[in-house]
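Trainee: Pasting the sequence and the predicted coordinates here, then a few questions.
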Amino acid sequence: MKRPTIGDIARKAGVSKVAVSYALNGRPGVSDETRLRIKAIAEEVGWRPSSAARALNGKQARAVGLAVCRPARTLSVEPFFMELIGGIESELAPRSVALMLQTVDSHEAEIELYGRWWG
């Protein structure tokens, strides 16, 4: 099933995507009646903000990145890593924060990865 977009909401509400964005982000520019209608449609279709879109917009992405400088196979063999990831997830999940996990093969690659994530 395709994830609902603001375009889907806009078509259903008969308004522009900009109006949907304004309504969902609490910005002025749409009437209270339109805002309520848009929010009801968003709820009905199960729309949720996209972390990627929020990040591109300069808003909080609600994600934490973790680079592990080990071979990927190590994560499944050493119980420490599963305990670590489980512990991190147990704190992030209730807050709707995603965990981005990537293994790297050197400290230089780790630093480069964090730089890419930051950028």
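Mentor: Nice, I can see it.
Trainee: From now on I want contacts and neighbour counts done on CA atoms only, so please keep to that.
Mentor: Will do.
Trainee: At which residues are the strands of this structure located?
Mentor: Taking DSSP state E as the criterion, the chain contains strands spanning 63-69, 98-104.
Trainee: Rebuild the ones you listed as CSV, extending it with mean pLDDT, distance to residue 21 and mean neighbour count.
Mentor: Listed next are the strands of the chain as CSV, based on pLDDT from 0 to 100; distance: least, Cα to Cα, whole Å; neighbours: other Cα atoms under 10 Å:
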stretch, mean pLDDT, distance to residue 21, mean neighbour count
strand 63-69, 88, 21, 16
strand 98-104, 90, 23, 15
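Trainee: For residue 2, find the nearest of the ones you listed.
Mentor: strand 98-104 (19.9 Å; Cα to Cα).
Trainee: Send me that closest one as CSV with only the CA atoms.
Mentor: In CSV, the C-alpha atoms belonging to strand 98-104 read as follows (Å, rounded to 0.1, in the frame of the first residue of the first chain):
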residue,chain,number,x,y,z
ALA,A,98,14.2,6.5,13.9
LEU,A,99,17.6,4.7,14.2
MET,A,100,19.8,4.8,11.1
LEU,A,101,22.4,2.1,11.5
GLN,A,102,25.3,1.6,9.1
THR,A,103,28.5,-0.5,9.4
VAL,A,104,31.7,0.9,8.1
